[in-house]
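Asker: Here is a sequence together with a model predicted from it:
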Amino acid sequence: NAGVMQNPRHLVRRRGQEARLRCSPMKGHSHVYWYRQLPEEGLKFMVYLQKENIIDESGMPKERFSAEFPKEGPSILRIQQVVRGDSAAYFCASSPPSGASTEAFFGQGTRLTVV
Amino acid sequence: GQSLEQPSEVTAVEGAIVQINCTYQTSGFYGLSWYQQHDGGAPTFLSYNALDGLEETGRFSSFLSRSDSYGYLLLQELQMKDSASYFCAANSGYSTLTFGKGTMLLVSP
């Protein structure tokens, strides 16, 4: 049973380009969460999604950032017109349907570097 | 808002016991989780406390006091491989987590 899969593991983008980060949750998990981690910092919640629904995006910057979890395929975190401050590790986590578990399973992360 | 405070670094020797404290100020608090992260890799779940008291899982135990907004992670019989960052995180409902800044544990021989 594969864990949470994120790709790419490393992504380099020039300022102004778009970054697309992908996350496939664990089998049987319908909840996906995105977190951002800066060096020497904890993980900061960005967005919580279920299939075709954004449940909580209170941690998402209002501009340039968007997330989706389509009916088919992985969840995508999209950052448009990237800036140097977007450089960070972006982690995806998944969990079973509500009430089944409080444990979140994390992927290995995507390290975004904006040059 | 929500905030969790934990020490930035703790050092200990192999075989020792170490306690990492966490105080929190949150709204909509459901429980306190602990995660381990090695070298910036995937955080892995260690424990979860929804109720007051001690939860034991092998060498690791976790404690919660809701009235004091306080919890701790206790690591016993420390091993070199336990050197990592440890994060407390507040659960708000489902599995949305608010993380502390992490405690780096350095275990020396």
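Answerer: Noted; the coordinates are in hand. Computed from a predicted structure; not experimentally measured.

Asker: is B:S61 in a bridge, and if so with what?
Answerer: Applying DSSP bridges to B:S61 yields these beta-bridge partners: B:E56, B:L74.

Asker: could you pull out the strands for chain B?
Answerer: B:3-5, B:9-13, B:18-25, B:31-37, B:44-49, B:53-57, B:60-65, B:70-75, B:84-91, B:97-99, B:103-108 (DSSP state E).

Asker: B:V107 is in contact with B:M80, isn't it?
Answerer: Yes: judged on Cβ atoms under 8 Å, B:V107 makes contact with B:M80 at a distance of 5.4 Å. For the C-beta atoms, the positions are set from N, CA and C on the backbone; glycine is no exception.

Asker: where do the contact lists of these two overlap?
Answerer: Listed as contacting both B:V107 and B:M80 by Cβ atoms under 8 Å, 6 or more residues apart in numbering or on different chains are B:E14.

Asker: Tell me which of these two has more neighbours.
Answerer: B:V107 (20 against 10; other Cβ atoms under 10 Å in any protein chain shown).

Asker: dump the residue contacts of the more buried one.
Answerer: Residues in contact with B:V107 (Cβ under 8 Å, 6+ apart) are B:T11, B:A12, B:V13, B:E14, B:L78, B:Q79, B:M80, B:D82, B:S83.

Asker: and the fifth one, how many residues sit next to it?
Answerer: If you count neighbours by other Cβ under 10 Å, B:L78 ends up with 19.

Asker: Equivalent analysis for the third one, please.
Answerer: With neighbours defined by other Cβ under 10 Å, the count for B:V13 comes to 11.

Asker: from memory A:F91 sits against A:F105, does it?
Answerer: No: contact criterion Cβ under 8 Å: A:F91 and A:F105 do not qualify, at 10.7 Å.

Asker: More neighbours: these two, which one.
Answerer: Set A:F91 next to A:F105 and count neighbours by other Cβ under 10 Å: A:F91 wins out with 28 against 20.

Asker: roughly how far apart are B:T26 and B:G58?
Answerer: With distances taken as Cβ to Cβ, to the nearest Å, B:T26 is found 28 Å from B:G58.

Asker: So between these two, which is more surrounded?
Answerer: The residue with more neighbours, out of B:T26 and B:G58, is B:T26; 16 against 8, by other Cβ under 10 Å.

Asker: Excluding covalently adjacent residues, which one is nearest to that one?
Answerer: Nearest residue to B:T26 in three dimensions, chain neighbours excluded: B:Q2, at 4.1 Å (Cβ to Cβ, 6 or more residues apart in numbering or on different chains).

Asker: low pLDDT regions in chain A?
Answerer: For chain A, residues meeting the criterion pLDDT under 70 lie at A:1, A:98-101.

Asker: Now do the strands in chain A.
Answerer: Remark: strands assigned in chain A by DSSP E are A:5-7, A:10-13, A:19-24, A:31-37, A:43-50, A:53-56, A:65-68, A:75-79, A:88-95, A:105-106, A:110-114.
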